[in-house]
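Asks: let me see the structure of the following:
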Amino acid sequence: MHATITPSDSAVAGSRRFRWRVVDIVVASVIGVATGLVFLFWNNVGYAWFSAADAVTPGLGGVAVGIWLIGGVLGGLIIRKPGAALYVELLAAIVSALIGNQWGIETVYSGLAQGLGAELVFAAFAYRRFGLLQAVLAGAAAGAAAWVLELFLSGNLQKSPEFLGLYFTTVVISGAILAGLLGWLVVRALAATGALHRFAAGRDVTERV
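Replies: Numbers count the residues shown, from 1 in each chain. Below is the predicted model of the structure:
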């Protein structure tokens, strides 16, 4: 005889899969803090790149934004639970703001928007697919969310259509590459070391080796 799986059984299994474990909270917090420290470095190096590119052509500075978007991608790919992308990106932004940067509280607003952008992509795939495509789309969506927020937070709504079009293009591409592709590579590298053996992200990589 074969056991019959009822709809209620499936619902319970899905609920358990989406439930955060203690290890999920701890690791997501570690990733968030570590990413916040990366942001502190990028606040200087990345902003210098942003300013130099923007001096060449206004709007081109978006090419440097991607690293500020990577927290959501890392959180989503590793934890694979609802809210992980938003939590990690927001925590990283809070760390950056608390330690000190040139944007202050606005950093937290950015983290919230960018994390939500990435989160929506993982949600669109029902938190079931976490490949390169999802990583790239999450990074791009985080960039698009950053662009929307800056229409109001940075006064970009008053700028020219040419600037807005170029900035949108560059920030989305930067998000796709520096957050999405790079984030995916970072997760695979971590998984290969065995550091993610308690997560599906780690098992996915080791099973293919």
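Asks: all contacts plus neighbour counts: C-alpha atoms, from now on.
Replies: Fine.
Asks: lowest-scoring secondary structure element of the protein by mean pLDDT?
Replies: For the chain, using mean pLDDT, DSSP states H and E, the weakest element among its helices and strands is helix 7-18, scoring a mean of 60.
Asks: pLDDT weak spots in this structure?
Replies: Where the chain drops to pLDDT under 70, the residues are 1-15, 205-209.
Asks: please name the nearest non-neighbouring residue to the residue nearest the centre of the chain.
Replies: For the chain, the residue nearest the mean C-alpha position is G72 (2.0 Å; Cα atoms, centre = their mean). Leaving aside its sequence neighbours, G72 sits nearest to A85 (Cα to Cα, 6 or more residues apart in numbering; 3.9 Å).
Asks: packing partners for the helix or strand the one you found falls within?
Replies: For A85, the enclosing helix or strand under DSSP states H and E is helix 84-99. If you count contacts as 3 or more Cα pairs under 8 Å, 6 or more residues apart in numbering; DSSP states H and E, helix 84-99 packs onto helix 22-56, helix 70-79, helix 106-124.
Asks: how far off centre is it?
Replies: How far helix 84-99 lies from its chain's middle: 10 Å, per Cα atoms, centre = their mean, to the nearest Å.
Asks: so which bits of that helix are buried?
Replies: Of all the residues in helix 84-99, those buried under the rule 16 or more other Cα atoms under 10 Å are 84-97.
Asks: hmm, who's touching that helix?
Replies: Around helix 84-99, the neighbours that count as contacts under Cα atoms under 8 Å, 6 or more residues apart in numbering are 28-29, 31-37, 39-40, 69-76, 103-105, 107-108, 110-112, 114-116, 118-119.
Asks: helix 22-56 and that helix, what's the angle between them?
Replies: 70 degrees (axes from the mean of the first three to the mean of the last three Cα atoms, to 10 degrees).
Asks: in which helix or strand would I find the nearest residue to V121 once chain neighbours are set aside?
Replies: Distances taken as Cα to Cα, 6+ apart place A138 nearest to V121, at 5.4 Å, with adjacent residues excluded. Using DSSP H and E, A138 sits in helix 132-153.
Asks: who are the packing partners of that helix?
Replies: The contact analysis (3+ Cα pairs under 8 Å, 6+ apart) places helix 132-153 against helix 70-79, helix 106-124, helix 161-174, helix 182-192.
Asks: could these go into a markdown table alongside distance to G202?
Replies: Listed next are the helices and strands packed on helix 132-153 as a markdown table, based on distance: least, Cα to Cα, whole Å:
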| stretch | distance to G202 |
| --- | --- |
| helix 70-79 | 8 |
| helix 106-124 | 18 |
| helix 161-174 | 26 |
| helix 182-192 | 4 |
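Asks: what's the most buried one of those helices?
Replies: helix 70-79 (a mean of 32; mean count of other Cα atoms under 10 Å).
Asks: contact partners of it?
Replies: Here helix 70-79 has contacts from 24, 28, 31-32, 35, 84-89, 92, 114-115, 118-119, 122, 130, 135, 138-139, 142, 175, 178-180, 183-184, 187, 196, 199-201, using Cα under 8 Å, 6+ apart.
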